[in-house]
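Undergrad: pasting a predicted model and its sequence here:
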Amino acid sequence: MEGVRSAVKQIAHTQRSQWLSTLSPLHLSLIPLLSLSSSLYAFSLLCRHLLYRFHILHKHRLPVPVISVGNLTWGGNGKTPMVEFLARSFADDGISPLILTRGYGGADEAKMLQRQLRCTSAKIGVGANRVATAAKFLKQYGYVNFDAIYAKPLSEESPKIRHNSDQIGAAILDDGMQHLRILRDLEIVMVNALMPWGNRHLLPLGPLREPFTALNRADIIVIHHADLVHENDIEALESTIRKAERNLPIFLTKMAPIHFFPCRDISCKMSLRAVENMTVLCLSGIGFAGSFIQRIRKMGAAYVDHIDFSDHHLFENKDIEMVRARLQALESEFGTKPIVVITEKDYDRSPEALQHLNHYEVLVFCSRLQFLVYKGRTEERFKKIVRERLSI
């Protein structure tokens, strides 16, 4: 099954004009079935939107402002880092945010957010029915008026409201663009600069979850991993987005490395220099492993190998055996004991399985979303747009 997923992913990330020259006969044999499936998916997508448009299916309004963070393509677009950034920003401003996430893949992203935000006022609701999940949390904690908090000057009584209120002041829809049941006040769409649209086909033939025209629903576009591509590529990407929606504010972000921590002791923070001159095996089951591997290579490792699984992959015993065999081969080739580097998402999904690699050092790579200054667009400008939009 993992092999089929890998084949589908390769097709989705290969331009149609290059299929015959770059894809194997096995890949090519899958295309007719994937093409039919994409047509059926497009039809079901159209029907679903029409059901909401004609109010046969109903949208729900929450009593607090709602921000949706989503994308047009599958995986690796920076949705969860943006959700964490927004939640932390709200919490720092004294607004307790409620994150609503479906909980794919054993809820690995929810577990990661819970660990990252454990010392803040953020709350995380996990469940396929996000309307019911929101209602449960709003009933349990209550809610406050978002406008009232931002309208209050920093007086003597404001800090109490800002720091002591446990009531919910805003909701954040994680992976919310295709979740139409909840009305939103702000739609943020994340775009992967390294692989923005793939072959431009709908799932499963391509990576698009909706047609490109769906960008007209966006209020803000964020181009993620912008530091890993050339400025000309950013200009071309912005031009493409402008053709779909001319006046959209566009921001650039990257994942800024912070530190490592060893799987054996998550309380221990290790310098980013821990991989310098080392043989490294990057192990991941995330949406787009390319950005993760590039960042580790930039840290001065002597050699970087990688094993990539599909997004949300739960490591099994056979996977661990394969990893152990690769590590032994690397040790034999380079004469030094290699180290394993994984992402936070992989750690939070499979901490027990990784303990079986106890003969090797397993480090978790920690990074946080950071805005890049681009044409006068800054983190402060982004936050201002968010506040203005949610104050409507």
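TA: Arrived safely, thanks for sending.

Undergrad: so how far is the helix or strand hosting residue 387 from its chain's centroid?
TA: Using DSSP states H and E, residue 387 falls within helix 379-390. Taking CA atoms, centre = their mean, to the nearest Å, one finds helix 379-390 lying 20 Å from the centre of the chain it belongs to.

Undergrad: go on, stretch 89-99?
TA: Here stretch 89-99 is found 19 Å from its chain centre; the criterion is CA atoms, centre = their mean.

Undergrad: got the contact list for residue 8?
TA: The contact partners of residue 8, by CB atoms under 8 Å, 6 or more residues apart in numbering, come to 30, 34, 204. The way it works is simple: take the backbone N, C-alpha and C, and place the C-beta from them, glycine included.

Undergrad: hmm, 6 Å instead?
TA: Counting by CB atoms under 6 Å, 6 or more residues apart in numbering, residue 8 touches residue 204.

Undergrad: over to residue 202: give its phi and psi.
TA: With angles defined as degrees, to the nearest 10, residue 202 sits at phi -70, psi 160.

Undergrad: for it, give the beta-bridge partners.
TA: residue 208 (DSSP bridges).

Undergrad: end to end, how far does stretch 259-276 reach?
TA: Stretch 259-276 has an end-to-end distance of 13 Å (CA to CA, to the nearest Å).

Undergrad: and that stretch, which residues are buried?
TA: Residues of stretch 259-276 classed as buried: 260-263, 270, 272, 274-275 (neighbour count, 16 or more other CB atoms under 10 Å).

Undergrad: also stretch 77-93?
TA: Applying 16+ other CB under 10 Å to stretch 77-93 flags 77-91, 93 as buried.

Undergrad: ok, stretch 172-180 next?
TA: 172-177, 179-180.

Undergrad: picking up where we left off before, how about the buried residues of stretch 77-93, which pair is most distant?
TA: Largest separation among the buried residues of stretch 77-93 by CB to CB: 77 and 93, giving 25.4 Å.

Undergrad: which ones are touching the residue nearest to residue 386 when sequence neighbours are not counted?
TA: With CB to CB, 6 or more residues apart in numbering as the criterion, residue 386 has its nearest non-adjacent residue at 6.4 Å, and that residue is residue 186. Residue 186 makes contact with 67, 219, 389 under the criterion CB under 6 Å, 6+ apart.

Undergrad: who's residue 186 bridged to?
TA: Here residue 186, judged by DSSP bridges, has bridge partners residue 67.
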